[in-house]
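Student: Next one to model:
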Amino acid sequence: QIIGLSVGIALLMVPLGYEIVRHLVKPLNRLSEAADSLAAGNLDVHVPVDRGDEIGDLARAFNLMADKLAKSHRVLIQQSEQLECRVLERTIALEQANRQLRDVAARDSLTGLYNRRHFNDLLGQLFAESARYQTDLTCMMLDLDNFKRVNDTLGHQIGDQLLQLTARAIRESIRESDIAVRYGGDEFAVLLPRTSPEDARASAERLLQRFRAD
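Tutor: All right, here's what the predicted structure looks like:
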């Protein structure tokens, strides 16, 4: 009888133990799988909360943690995008400022024409292009007669105005592709790419007429 009772109890404990294990281990396995998924970057993972015991409390705590991590991740992504936009804006502004600085450094402060240093840089570049493509390149040089007398008799302010007038006449007489330079003092130069000496002479005549008209 005792042996039979023991066997009966043992047989009864097997399904009972299985149910107990299934009831406890299955939700823990779900929590473990959810934790692995969360660690892999799936921040939207949740586990079902269908219990009122400690395992249910653990599931609720896990879901709350997952929600906080997802919210923090969204905030971090938004801040990163805003930072990228600000960096891009600063980079564009810096590039514009650098271009403006380079342009200011390349120009004569009085006339606004390019200065002699920039002329030297461009001359080598344009000469190389002319040689490569077998095109004409003409350099027109001009200066103001008796400019020193103007400064000595009328003053440097009138001399500066005369230089500015000359620069304006040059700008209005040349093509957009031509490059006007204040070479130094009362000397000016114009680089005329793809221009023969004959065409450059005609351009010089137009410049003289323009200057006389002003």
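Student: and the closest residue to residue 159 other than its chain neighbours, what element?
Tutor: Counting by C-beta to C-beta, 6 or more residues apart in numbering, the nearest residue to residue 159 once its immediate chain neighbours are dropped is residue 151, at 4.2 Å. Yep, even glycine has a C-beta here, placed from its N, CA and C like the rest. Residue 151 belongs to helix 147-154 when elements are defined using DSSP states H and E.
Student: for residue 102, same thing?
Tutor: According to DSSP H and E, residue 102 maps onto helix 54-105.
Student: Following that helix in sequence, what is the next regular element?
Tutor: Past helix 54-105, the next helix or strand by DSSP H and E is helix 116-133.
Student: angle of that next one against helix 54-105?
Tutor: Following axes from the mean of the first three to the mean of the last three C-alpha atoms, to 10 degrees, one obtains 90 degrees for the angle between helix 116-133 and helix 54-105.
Student: elements contacting helix 116-133?
Tutor: The elements that helix 116-133 packs onto, with contact taken as 3 or more C-beta pairs under 8 Å, 6 or more residues apart in numbering; DSSP states H and E, are strand 137-143, strand 179-184, strand 187-193.
Student: what about residue 30, how many neighbours?
Tutor: Using other C-beta atoms under 10 Å, the number of residues around residue 30 comes to 15.
Student: With adjacent residues omitted, what lies nearest to it?
Tutor: Using C-beta to C-beta, 6+ apart, the nearest residue to residue 30 is residue 47, at 5.2 Å.
Student: for the one you found, phi and psi?
Tutor: Listed backbone geometry of residue 47 is phi -120, psi 150, with angles given as degrees, to the nearest 10.
Student: Spit out the contact partners of it.
Tutor: 27, 30-31, 34, 59, 62-63 (C-beta atoms under 8 Å, 6 or more residues apart in numbering).
Student: And it, how close does it get to residue 55?
Tutor: According to C-beta to C-beta, to the nearest Å, residue 47 stands 10 Å off from residue 55.
Student: Can you pull the residues that touch both of the two?
Tutor: Counting by C-beta under 8 Å, 6+ apart, the contacts common to residue 47 and residue 55 are 27, 31.
Student: distance of residue 213 from residue 88?
Tutor: Relative to residue 88, residue 213 is positioned 49 Å away (criterion: C-beta to C-beta).
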